[in-house]
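**Q** Kindly return the folded structure for what I paste below:
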Amino acid sequence: MDLDKVLKETKNKIDWAKTSAELENIRIELLGRSGLINRLFSEIKNIENPREYGLKLNQLKNDIEQLIKNKNINVEISNTTSQLKMGMPAVALAKVGHLHPLTQTERQLNKVFQKLGFSIYASPEIVTDEYNFTRLNVPANHPARDMQDTIYIKEPQFLLRTQTSTIESYLLQAQNKNLPIRAAFPGSVYRNEKVNRSNHFIFQQYQAVVVDKNVTMKDLIGTMDLMFKTLYGPKVIVRYRCKYYPEVEPGVGPDMQCFSCHGKGCSLCKYAGWIEMGGSGIIHPNVLKAAGIDPKIWSGFAFGMGLDRWTMAKNNIKDIRTLRGGNLAYKPNL
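**A** Predicted coordinates for the structure are as follows:
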């Protein structure tokens, strides 16, 4: 078959096509499963010079596809459509998804710590009692265990981690020969809590740990200050109080002035004017020893922050329960 003649005839047909339906019929006639081009390909074995013919046939197919693609057809508007008033409101577009506010905050913190030279880690959420408590200086019958209403998978050995400090336990042991350490790790934690506006049985924490020589409280406070100012701006008001946490000594609790009442007192901050944002301190020598790290040579700091509360403050969200409710009203804040 004369392929040049086929191309010329096809071009004429496409030029004369007035509607998209006509153009589609031409496409099916030539390029469809049972179209002319496929029939010619199936007969190529009977051609004297199949290789050369095949190249020309491929070129013909490409040329036809391009002609159809380049054809610009102004689709006629039906009489019914043409009678519609131009002033009618447009059809609302479907809502486009965006990153969850928790994910936004997590990624923003990841960027902060990566710029500081931190690595980002993750670990399993089902852990053992040893790594969740014992290695964090919380032995059996320690009163600190009562502060965390634990959800056990198989009591007393396997449980859902109650804190991201558990990741610290694994990390210190795994990297005890590769010091110094600078690492951050966001993750979900679980406690058998009564759900209300400010508490949930599943929530996010953000943990960071540094182990190096001559680490001091000044390094810890400076790092946390940078976090607060990055997320909430230079005018954020933060206070640091002495707190007890078994895995650190001394312990520090950072509180941020309530974003809802600005220190006056409301139901969100339990009328204290301040919201506790997490816990921190200098890593206890017992924790370092449990990981095989000599506390006479190495020291460090660690903190764990309630990522839900950080996200609520950043986005002016006043009920922690809505973070798990798929609320499409939350706008992206990237």
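**Q** The most centrally placed residue in the chain sits in which helix or strand?
**A** With distances taken as CA atoms, centre = their mean, T103 lies nearest the centre of the chain, 4.0 Å away. Using DSSP states H and E, T103 sits in helix 101-115.
**Q** mean confidence score for that helix?
**A** Across helix 101-115, pLDDT averages out at 89.
**Q** Beyond that helix, next helix or strand please.
**A** Next along the chain after helix 101-115, taking DSSP H and E as the criterion, comes strand 119-120.
**Q** That following strand: partners in the sheet, and parallel or antiparallel?
**A** Sheet pairing of strand 119-120 (DSSP bridges) gives strand 181-190 (parallel).
**Q** Just the mean pLDDT for the strand it pairs with, thanks.
**A** For strand 181-190, the mean per-residue pLDDT is 91.
**Q** Show me which residues of the helix ranked longest in the chain are buried.
**A** The residue-count maximum for a helix in the chain (DSSP state H) belongs to helix 50-70. Buried positions in helix 50-70, judged by neighbour count with 16 or more other CB atoms under 10 Å: 53, 57, 60-61, 64, 67-68. No exception for glycine: its C-beta is placed from N, CA and C like everyone else's.
**Q** Show me what that helix is packed against.
**A** Where contact means 3 or more CB pairs under 8 Å, 6 or more residues apart in numbering; DSSP states H and E, helix 50-70 is packed against helix 3-16, helix 20-31, helix 36-42.
**Q** I'd like the average pLDDT over the last one.
**A** It refers to helix 36-42. Per-region confidence: helix 36-42 scores 83 on mean pLDDT.
**Q** in it, what's buried?
**A** 36-37, 40.
**Q** what's the answer for stretch 121-135, then?
**A** Residues of stretch 121-135 classed as buried by neighbour count (16+ other CB under 10 Å): 121, 123, 127-129, 131-133, 135.
**Q** What strand or helix carries G281?
**A** G281 belongs to strand 278-283 when assigned by DSSP H and E.
**Q** neighbouring contacts of that strand?
**A** Applying CB atoms under 8 Å, 6 or more residues apart in numbering, the external contacts of strand 278-283 come out as 205-206, 209, 211, 215-217, 220, 224, 243, 245, 247-254, 299-306.
**Q** C-terminal to it, what's the next element?
**A** Once the chain leaves strand 278-283, the next helix or strand it forms, by DSSP H and E, is helix 285-290.
**Q** and that next one, how far out from the chain's middle?
**A** Helix 285-290 sits 33 Å away from the centroid of its parent chain (CA atoms, centre = their mean, to the nearest Å).
**Q** Please shift the residue numbers so they start at 46 in all later answers.
**A** Okay, residue one is now 46; in that scheme the one you just asked about reads as helix 330-335.
**Q** Tell me which other helices or strands it touches.
**A** Applying 3+ CB pairs under 8 Å, 6+ apart, one finds that helix 330-335 contacts helix 210-219.
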